[in-house]
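**Q** need a 3D model of the following:
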Amino acid sequence: MTDLISIVIPVYNTENFLKDAIESILRQTYSNKEIIIIDDCSTDKSFEIAKSYESDIVKVFKMPQNSGQSAASNYGITKSKGSFIKLFDADDLMNKEHLMDQYLAIKHQPSHIAAGQIKRFFNNDLNTALHEPLANWSNLSPLEWLLIDNGKGLGMMQCGMFLIPREILVQSGYWDTSISMMNDFEFFPRLLFLSEKIIFTEKALVYYRSGNKGSLSNHLSDKALESAHQALIKTSNLILSKETSKRSAQILAMYWSDWAYIFYGLNAELYKSAVSEYKKLTGKEYNPKNSGYTKISDLIIGWKLTKKIKNYLSK
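**A** Numbers count the residues shown, from 1 in each chain. Modelled structure (predicted):
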């Protein structure tokens, strides 16, 4: 007897990809599953496509108003009945053994979370999928899983890679709906720390479309910038509450450095805060290290003027 697995898919304007995502789940060798699709008031044909798959396995709901990915995911979780839950993007794919491999890895370990491989691919062509081994491709404590790849940031946190026991997800309190940008950066560390161990499931693959998400500059509203700042603050405090070390400071400083650069010229208060956090972690003054033509421009006219020009050109 197997446990029910719920796959929760928030949807917003993914008509070109949703069909492939659903069918990749329906083809799973693991049969005891349900697919919970939450349409967040799409303006394309996503909802109609989802409804065309409605069955005993596929349940389709629609948000009363556009509320964002976090709220749609939370609603889907409340509608799910599975003992294990997978959060899945509407434009991603999984290999047919994915659910079975992850279920077998943690079915007797309700305190563990399974983490699979991410395969980035380009131009909607699976033949372009990259093999990119990571340092945390092993069974690790949550802290080690997040910090082991020192200097390259926290461990990869893409929602489709995880299979989560319901008890852990409930304990997390779900997604923070006040955070839109970088919501995964805030949510997944908080979730993973509630588990005893992250179990690497090598044969469970998620194919992640690269290049279809839209440029960051198109989403930098004041609300989004505030959201990113809150996510940085919360996750920094969480990581430092677990470990205060050179590696944790180095990793977090990298994020604050990147976002200080983004904040500059867009929000003076957030820029000042990010620079302050960077200095607390490193003991150094903030001076961004860019590359390519940006680095050349930085050397000629200074990084601040370069960034102002980039901000103007991105409008």
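**Q** any weak-confidence spans in the protein?
**A** 150-151, 212-219 (pLDDT under 70).
**Q** pretty sure residue 27 contacts residue 96?
**A** Yes - with contact defined as CB atoms under 8 Å, residue 27 reaches residue 96; the gap is 4.9 Å. Where you see a C-beta, it was placed from the backbone N, CA and C, and this is true even at glycine.
**Q** strands of this protein, start to end?
**A** Assigned by DSSP state E, the strands in the chain fall at 5-11, 33-39, 58-62, 84-87, 93-94, 112-122, 162-165, 197-210.
**Q** would you list these in TSV and tack on distance to residue 74 and mean neighbour count?
**A** Below are those laid out as TSV (distance: least, CB to CB, whole Å; neighbours: other CB atoms under 10 Å):
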stretch	distance to residue 74	mean neighbour count
strand 5-11	9	27
strand 33-39	9	24
strand 58-62	12	18
strand 84-87	10	26
strand 93-94	22	24
strand 112-122	18	21
strand 162-165	14	26
strand 197-210	21	20
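**Q** quick one: which of those strands is nearest residue 254?
**A** Among those, strand 112-122 comes nearest to residue 254, with 19.8 Å by CB to CB.
**Q** taking strand 197-210 as reference, get the angle to that closest one.
**A** Interaxial angle, strand 112-122 versus strand 197-210 (axes from the mean of the first three to the mean of the last three CA atoms, to 10 degrees): 20 degrees.
**Q** list the helices and strands strand 112-122 packs on?
**A** Secondary-structure packing of strand 112-122 (3 or more CB pairs under 8 Å, 6 or more residues apart in numbering; DSSP states H and E): helix 98-106, strand 162-165, strand 197-210.
**Q** residue 123: which of those is closest?
**A** strand 197-210 (9.1 Å).
**Q** counting contacts, what elements does that closest one pack onto?
**A** Counting by 3+ CB pairs under 8 Å, 6+ apart, strand 197-210 packs on strand 93-94, helix 98-106, strand 112-122, helix 142-147.
**Q** hmm, 10 Å instead?
**A** helix 18-26, strand 93-94, helix 98-106, strand 112-122, helix 142-147, strand 162-165 (3 or more CB pairs under 10 Å, 6 or more residues apart in numbering; DSSP states H and E).
**Q** nearest to residue 155, out of these?
**A** helix 142-147 (4.9 Å).
**Q** for the nearest residue to residue 124 once chain neighbours are set aside, what are its contacts?
**A** The spatial neighbour of residue 124 that comes closest, neighbours along the chain excluded (CB to CB, 6 or more residues apart in numbering), is residue 209 at 6.8 Å. Residues counted as contacts of residue 209 (CB atoms under 10 Å, 6 or more residues apart in numbering) are 14, 16-17, 20-21, 89, 91-93, 120-126.
**Q** specify the beta-bridge partners of residue 209.
**A** Here residue 209 sits in beta bridges with residue 121, going by DSSP bridges.
**Q** ok, so what distance separates it from residue 44?
**A** To residue 44, residue 209 is 16 Å away according to CB to CB, to the nearest Å.
**Q** ok, residue 76 next?
**A** From residue 76 over to residue 44 (counting by CB to CB), the distance is 19 Å.
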